[in-house]
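>>> Take a look and give me a structure for this.
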Amino acid sequence: MIIAGLVLTGIAALIHVYIFYLESISWTSEKTRKVFGVRTAEEAEITKPLAFNQGFYNLFLAIAIGVGTVLWARGCTSVGATLVFTGAGSMVAAGLVLLISSPDKASAALKQLVPPLLGIIALAAGLL
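Below is the predicted model:
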């Protein structure tokens, strides 16, 4: 179960790296604007600083999971698990906030929160 948990949280980390790319690198592109429902190039320019910052937040959560996984593999299980649980737990919490605050974005929220949630469950079960 531990391996399954680390794989699922790793998938969540990769999803968040992609979100980082969308928010911090390609925010003003037509394709990314469409993904996030940003209607105009002007709106994208106005919101670009906010998206840039949010993208890095997502990247840092992914890094926490990546570093935690590496530390786990190197035998530092307590520190590794702590980082993985912290990164994945924050992803789940952020997904729940999105789901509750913007029910019209349920699909995005579920993509953001289900993989890390399943990873947390599997990792916790493996540790018991």
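
>>> Which secondary structure elements does the helix or strand harbouring residue 81 sit against?
Taking DSSP states H and E as the definition, residue 81 sits inside helix 77-101. On a contact count with 3 or more Cβ pairs under 8 Å, 6 or more residues apart in numbering; DSSP states H and E, helix 77-101 meets helix 2-20, helix 41-73, helix 106-127. Every residue, glycine included, has its C-beta placed from N, CA and C.

>>> Let me know the next secondary structure element after the first one.
Toward the C-terminal end, the helix or strand that comes next after helix 2-20 (DSSP H and E) is helix 30-36.

>>> Kindly provide the distance from the residue lying farthest from the centre of the chain to residue 124.
For the chain, the C-alpha lying farthest from the average C-alpha position belongs to residue 42; by Cα atoms, centre = their mean, that distance is 26.9 Å. Using Cβ to Cβ, to the nearest Å, residue 42 is found at 46 Å from residue 124.

>>> Averaging pLDDT per element, find the lowest-scoring helix or strand in this protein.
Across the helices and strands of the chain, mean pLDDT, DSSP states H and E gives its lowest value to helix 30-36, namely a mean of 93.

>>> who touches it?
Residues outside helix 30-36 that contact it (Cβ atoms under 8 Å, 6 or more residues apart in numbering): 22, 23, 26, 27, 38, 39, 40, 41, 43, 44, 51.

>>> swap in stretch 58-71?
Stretch 58-71 is contacted from outside by 6, 9-10, 12-14, 16-17, 19-20, 23-24, 79-88, 90-91, using Cβ under 8 Å, 6+ apart.

>>> if you set the cut-off to 7 Å instead, what comes out?
Applying Cβ atoms under 7 Å, 6 or more residues apart in numbering, the external contacts of stretch 58-71 come out as 6, 9-10, 12-13, 16-17, 19-20, 23, 79-81, 83-84, 86-88, 90-91.
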